[in-house]
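Peer 1: return atomic coordinates for the entry below.
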Amino acid sequence: MTALMAAGLSLLMIGTAFLSGIFGMAGGLILIGVLLVIFPLPAAMVLHAITQMASNGWRATLWFRHIVWKSMAFYVAGCLVSVGLWSITLYVPDKAMALLLLGLSPFIIRAIPDKILPRSFGPAQVAATGLVSMMLMLLTGVTGPLLDTMFLRSPLERRQIIATKAACQVFGHGFKLIYFGALIEQVGQVEPWFLAIAVTSSIIGTSLGKLLLERLSDAQFRIWSNRLITALASYYVGYGLVLLVGIA
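Peer 2: Numbers count the residues shown, from 1 in each chain. This next block holds a predicted model:
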């Protein structure tokens with residue numbers, strides 16, 4: 001880890017945390033894509049988990065009174081079941097497969113009719129979202145557009161979406177940190193001094209994002225969130241296919 005790389009990654013983390021501070025998403029997707037290029041997958045997962053725990057933890061603190069605690073509890077329960085099942089195999093995917101799964105997930109959710117996947121956020125739906133999201137987290141490093149799409153389909157207003165999803169993500173990335181930092185055979189390692197920089201950068205970016213979110217309406221929030229999901233998901237599908245066929 002050179003000083004120049006550390007400075008560049010710090011700026012990237014501020015920018016991605018700023019984006020997530022506005023929409024509660026997208027920043028983590030961009031960050032994991034860069035980290036997967038620079039670091040081996042386990043190390044990228046560990047660094048991403050710590051930065052996202054800091055970013056989401058601070059975001060949950062800033063919007064604490066808007067957290068829907070019941071939804072968070074059922075989400076965490078689903079995550080725990082998923083980690084238990086995944087720990088049986090301790091599977092670590094290659095980058096191409098991780099990127100493809102990351103990009104395809106929102107399109108699959110959007111294709112499911114409302115009568116099969118209703119626009120509600122009851123306990124069973126939240127727990128199922130937690131279970132599937134945690135599987136994606138262990139495969140790709142993020143829950144990706146899947147969790148974002150599910151929250152945008154819910155009746156929650158933008159502050160509740162931001163706050164509740166941030167609280168859920170603290171636990172999700174925490175479970176990912178345990179998985180890639182302790183459970184698998186080749187655990188990921190990152191220099192402690194850079195972890196401190198990463199956490200500080202994430203908190204700065206998140207605080208800046210809150211200022212802009214307060215100026216958005218719920219309609220603007222949903223429109224721009226869906227546009228970001230589509231753009232990022234399409235990119236990761238394309239990048240995953242390029243890696244899969246061996247072009248890059």
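
Peer 1: tell me how far residue 214 lies from residue 66.
Peer 2: According to Cβ to Cβ, to the nearest Å, residue 214 and residue 66 sit 12 Å apart. Bear in mind the C-beta positions are built from the backbone N, C-alpha and C, glycine included.

Peer 1: more neighbours, these two?
Peer 2: Neighbours were counted for residue 214 and for residue 66 using other Cβ atoms under 10 Å; residue 66 has more, 18 against 10.

Peer 1: now do the contacts for the more buried one.
Peer 2: Contacts for residue 66 (Cβ atoms under 8 Å, 6 or more residues apart in numbering) come out as 159-160, 162-164.

Peer 1: what is the nearest of the residues you listed to residue 135?
Peer 2: Among those, residue 164 lies closest to residue 135 (Cβ to Cβ), at 20.1 Å.

Peer 1: pretty sure residue 206 is touching residue 63, no?
Peer 2: No. Here residue 206 does not reach residue 63: they are 10.3 Å apart, not a contact under Cβ atoms under 8 Å.

Peer 1: would you check that residue 139 makes contact with residue 98?
Peer 2: Yes. Counting by Cβ under 8 Å, residue 98 is a contact partner of residue 139 at 5.7 Å.

Peer 1: and the helix or strand residue 54 falls within, which residues are buried?
Peer 2: Here residue 54 sits within helix 41-62, counting by DSSP states H and E. Across helix 41-62, burial judged by 16 or more other Cβ atoms under 10 Å covers 41-60, 62.

Peer 1: in space, what's closest to residue 199 - neighbours in sequence excluded?
Peer 2: residue 54 (4.2 Å; Cβ to Cβ, 6 or more residues apart in numbering).

Peer 1: so who does the one you found touch?
Peer 2: 198-199, 202-203.

Peer 1: try 6 Å
Peer 2: The contact partners of residue 54, by Cβ atoms under 6 Å, 6 or more residues apart in numbering, come to 199, 202-203.

Peer 1: what's the burial count for residue 29?
Peer 2: Here the count is done by other Cβ under 10 Å, and residue 29 has 26 residues near it.

Peer 1: and the closest residue to it other than its chain neighbours, backbone torsions?
Peer 2: Residue nearest to residue 29 in three dimensions, not counting chain neighbours: residue 232, with 5.0 Å by Cβ to Cβ, 6+ apart. Main-chain dihedrals, residue 232, degrees, to the nearest 10: phi -70, psi -40.

Peer 1: how close does residue 232 get to residue 217?
Peer 2: Between residue 232 and residue 217 the computed distance is 22 Å (Cβ to Cβ).

Peer 1: who's more crowded, those two?
Peer 2: A count of neighbours by other Cβ under 10 Å puts residue 232 above the other of residue 232 and residue 217, at 21 against 9.

Peer 1: could you give the angle of the helix or strand encompassing residue 172 to helix 41-62?
Peer 2: Assigned by DSSP H and E, residue 172 belongs to helix 158-178. With axes from the mean of the first three to the mean of the last three Cα atoms, to 10 degrees defining the directions, helix 158-178 sits at 150 degrees from helix 41-62.

Peer 1: show me what counts as buried in helix 158-178.
Peer 2: If you call a residue buried by 16+ other Cβ under 10 Å, then helix 158-178 has these buried ones: 158-177.

Peer 1: next helix or strand past that helix?
Peer 2: helix 192-213.

Peer 1: who has more neighbours out of residue 139 and residue 98?
Peer 2: residue 98 (27 against 19).

Peer 1: which helix or strand contains the more buried one?
Peer 2: helix 95-111.

Peer 1: give me the below-cutoff pLDDT ranges for the chain.
Peer 2: Applying pLDDT under 70 to the chain picks out residues 1, 24-25, 90-93, 116-120, 140-145, 183-189, 247-248.
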